[in-house]
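In: fold the following, please.
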Amino acid sequence: MAAARPARLDDCSRLAELWGAAQEELRPQRGGWLLVASSARARAPAASFREQLADPARHLVVGVGQDGRVVGYGSCRARTLADGQRVGSLEELYVEPAARRQGVGRAIAAQLVDWCCQQGCCGLDGLALPGNRAAKSFFEAAGFTARLLVMHRRLDEQGQRCRPRP
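Out: Numbers count the residues shown, from 1 in each chain. Predicted coordinates for the structure are as follows:
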């Protein structure tokens, strides 16, 4: 049976491998290139996972397949809004394709939801790229509903980079 547990320091190299696979899967999707380009983990993934483990405002969970191998991960953070309420942000959730539809993602999400509840969060936000029906279906099955759409206009469509005005 699939399960999830809090990540440990000895998981960081495996987490870096999974992160790389997630980036490759995201890059060709609509909006994926920008999401990949904005990742702070790109500089040193294993080190960034170690830093996250030490941050009390963040939580990192690994998903374990039936064979006991780490096959996925999820991360979230808790932040305080201007009105004092706390909200969780599900920053990453990835499961290897071969381990999908076995309950690993649900187990990871459940641990992240529990942690956000313990942090006093009023909700948990997650991201799904437009057109990624599998991700949207996963979130909806886990009780998430859309509350915000982020619209984007590419400014370098002709291969020209936008330059700031002097």
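In: so how far is stretch 70-84 from its chain's centroid?
Out: Using CA atoms, centre = their mean, to the nearest Å, the mean C-alpha position of stretch 70-84 is found 9 Å from that of the whole chain.
In: pLDDT of it, averaged?
Out: Average pLDDT, stretch 70-84: 95.
In: would you mind writing the CA trace of it as CSV?
Out: Only the C-alpha atoms of stretch 70-84 are listed here, as CSV (Å, rounded to 0.1, in the frame of the first residue of the first chain):
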residue,chain,number,x,y,z
VAL,A,70,10.7,6.9,-2.6
VAL,A,71,8.6,7.6,-5.7
GLY,A,72,7.3,11.1,-5.1
TYR,A,73,7.3,14.2,-3.0
GLY,A,74,5.3,17.2,-2.0
SER,A,75,6.2,20.4,-0.3
CYS,A,76,4.2,23.3,1.1
ARG,A,77,4.7,26.4,3.2
ALA,A,78,2.6,28.3,5.6
ARG,A,79,2.4,32.1,5.4
THR,A,80,0.5,34.8,7.3
LEU,A,81,-1.7,37.1,5.4
ALA,A,82,-2.2,40.8,6.0
ASP,A,83,-5.3,40.2,8.1
GLY,A,84,-3.4,37.7,10.3
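In: give me the contact list for the worst-scoring helix or strand of the chain on mean pLDDT.
Out: Ranked by mean pLDDT, DSSP states H and E, the weakest helix or strand in the chain is helix 32-37, scoring a mean of 86. Contacts to helix 32-37, defined as CB atoms under 8 Å, 6 or more residues apart in numbering, come from residues 23, 26, 27, 42, 127, 129, 152. Bear in mind the C-beta positions are built from the backbone N, C-alpha and C, glycine included.
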